[in-house]
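Novice: here is the input, now give the coordinates:
(one chain, ligands or ions: 2)
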Amino acid sequence: MCNQQNLVLANARLVSMENGENGYTVTQPLTITLQDGKIHSVSNSVPSADAQNTNVFDCKNKLVTPGFIDSHTHLVFAGNRAQEFEQRIKGVSYEQIAKQGGGIVSTVKATRDASEDQLVENTLPILDGLLRTGVTSVEIKSGYGLTLDDELKMLRAAKALENHRRVKVSTTLLAAHTTPPEYKNDPDSYIDLVCKEIIPTVAELSLADAVDVFCESIGFSIEQTERVFETAKQFGLNVKGHVEQLSNLGGAELVAKYHGLSADHIEYLSHQGVQALAKSNSVATLLPGAFYFLKETQLPPIEQLRSQNVPMALATDFNPGTSPFADLTMMMNMGCTLFGLTPEEALRGVTCHAAKALGLGSSRGQIKQGYEADLAIWNIDHPAELSYQIGVPRLTARIVDGELCHD
Ligand code: NIG
Ligand code: FE
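Specialist: Numbers count the residues shown, from 1 in each chain. Ligands and ions are numbered 1, 2, ... in the order given. From the prediction side, this is the model:
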């Protein structure tokens, strides 16, 4: 339920996540005025309760952060892969399962059989999990359709979620997720389809904000990835990549070459890859849920990314095969415990740096005048608590476009 008036938040202790040291400092209780979906002002003054058309919400000294942004998910799909999880626990690897025709392809079969409405219905409970952890924006990829119609269906279902919940959805075309069974022995012809039909149609219908590729031995080669990136750019779409997840193919350098928004996973990222990302000002997106669930051991080069000032985003990668975790604060905890991020870096990873990974760094992800009024109010004392606990409900309310949502 959302309330649609100009909103004033009183007694709000802010963690603005603006650039610079102060971004992570908790302020004294302040007043934030939200107008027309934007942050209008932040001040010391006591709000005037009688101002017209204005609702005052007393935050009672709770912490207010930017609304969380989950910048990498595969939220829309049908079926589940619990049996594959059982196989993996008994020792069969993710790659082996994929090579035997399971993995992504098994979700493709179920997703092709589902209607757009069924996909929306399947996704809502997962989305609700994310919203309970303070999410106000979510990126959702296609990639389980792998035909023109099924990819369009997935992207439409993703966008339709905005009609069911107060959340902002960015969509990414991931038609180059894996080679579909009907092109099994001819992946280049499938890439033809992606470049000649799927990208042009998706661009014309404005159904995606970016284009992604799974650049990996069980995904697509560097040459195939480059064809997709080139085509995406021709159609005015930004690119990003699933790169260096299971091996190093140099996908991050390719993302950098095309000034991609982000290079994601990157456990096997090389030193040259780090430098390329630093130069192109792309975001490094860390996905500790998949690392944990696949019991990976190769750690992403956090110290190098840190020293080269590459912004690091942190996301759930929610998907049925490698990261079935609809909890962004759990990823903050894993980012700290598994990857060695500081709680401040973890919070930047789900706010300002996540916004940048979606190309929205100048309008979302910080509490700053003129930015979109997407906020989360937390019943905690210090922002490190967000990375510290898992499973303890601490969210008081979300605010999306200046509207208070008690969901
Ligand atoms: O981000 N790496 C490729 N894609 C997904 C996994 C998708 C799946 O297994 O269904 C990921 O981990
Ligand atoms: Fe992913």
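
Novice: from one end of stretch 227-245 to the other, what's the distance?
Specialist: Using CA to CA, to the nearest Å, the end-to-end distance of stretch 227-245 comes to 20 Å.

Novice: what ranges of the stretch 1-150 of the chain fall below the confidence cut-off?
Specialist: The stretch 1-150 of the chain contains residues with pLDDT under 70 at 1-5, 48-53.

Novice: now the residue in it positioned nearest to ligand 1: closest residue in space, sequence neighbours ignored.
Specialist: Closest approach between the stretch 1-150 of the chain and ligand 1, counting by CB to the nearest ligand atom: residue 104, at 4.4 Å. Quick note: C-beta positions are derived from backbone N, CA and C, even for glycine. Distances taken as CB to CB, 6 or more residues apart in numbering place residue 178 nearest to residue 104, at 4.6 Å, with adjacent residues excluded.

Novice: mind checking the SS state of that neighbour?
Specialist: Recorded secondary structure, residue 178: coil (DSSP: H, G, I helix; E, B strand; the rest coil).

Novice: how much space between it and ligand 1?
Specialist: 8 Å (CB to the nearest ligand atom, to the nearest Å).

Novice: state the distance from that residue to residue 214.
Specialist: Distance from residue 178 to residue 214, counting by CB to CB, to the nearest Å: 6 Å.

Novice: next: residue 43.
Specialist: According to CB to CB, residue 43 stands 47 Å off from residue 214.

Novice: which one of those two has more residues nearby?
Specialist: residue 214 (22 against 11; other CB atoms under 10 Å).

Novice: so which strand or helix has that one?
Specialist: Following DSSP states H and E, the helix or strand that holds residue 214 is strand 210-214.

Novice: could you check the angle strand 210-214 makes with the helix or strand following that strand?
Specialist: Downstream of strand 210-214, the next assigned helix or strand under DSSP H and E is helix 222-234. Angle, helix 222-234 to strand 210-214, by axes from the mean of the first three to the mean of the last three CA atoms, to 10 degrees: 180 degrees.

Novice: hang on, residue 74 in a helix?
Specialist: No. Counting by three-state DSSP, residue 74 falls outside a helix, being coil.

Novice: you'd agree it is up against residue 144?
Specialist: Yes. Contact status for residue 74 versus residue 144: in contact at 7.2 Å, counting by CB atoms under 8 Å.

Novice: the two: which is more packed in?
Specialist: Shown here are residue 74 and residue 144; by other CB under 10 Å, residue 144 has more neighbours (30 against 27).

Novice: what strand or helix carries the closest residue in space to that one that isn't next to it in sequence?
Specialist: Spatial nearest neighbour of residue 144, chain neighbours left out: residue 111 (3.9 Å); criterion: CB to CB, 6+ apart. Using DSSP H and E, residue 111 sits within helix 104-113.

Novice: and the angle for the next helix or strand along the chain from that helix with helix 104-113?
Specialist: Sequence-wise, the next helix or strand downstream of helix 104-113 (DSSP H and E) is helix 116-131. Interaxial angle of helix 116-131 relative to helix 104-113 (the same axes, to 10 degrees): 120 degrees.
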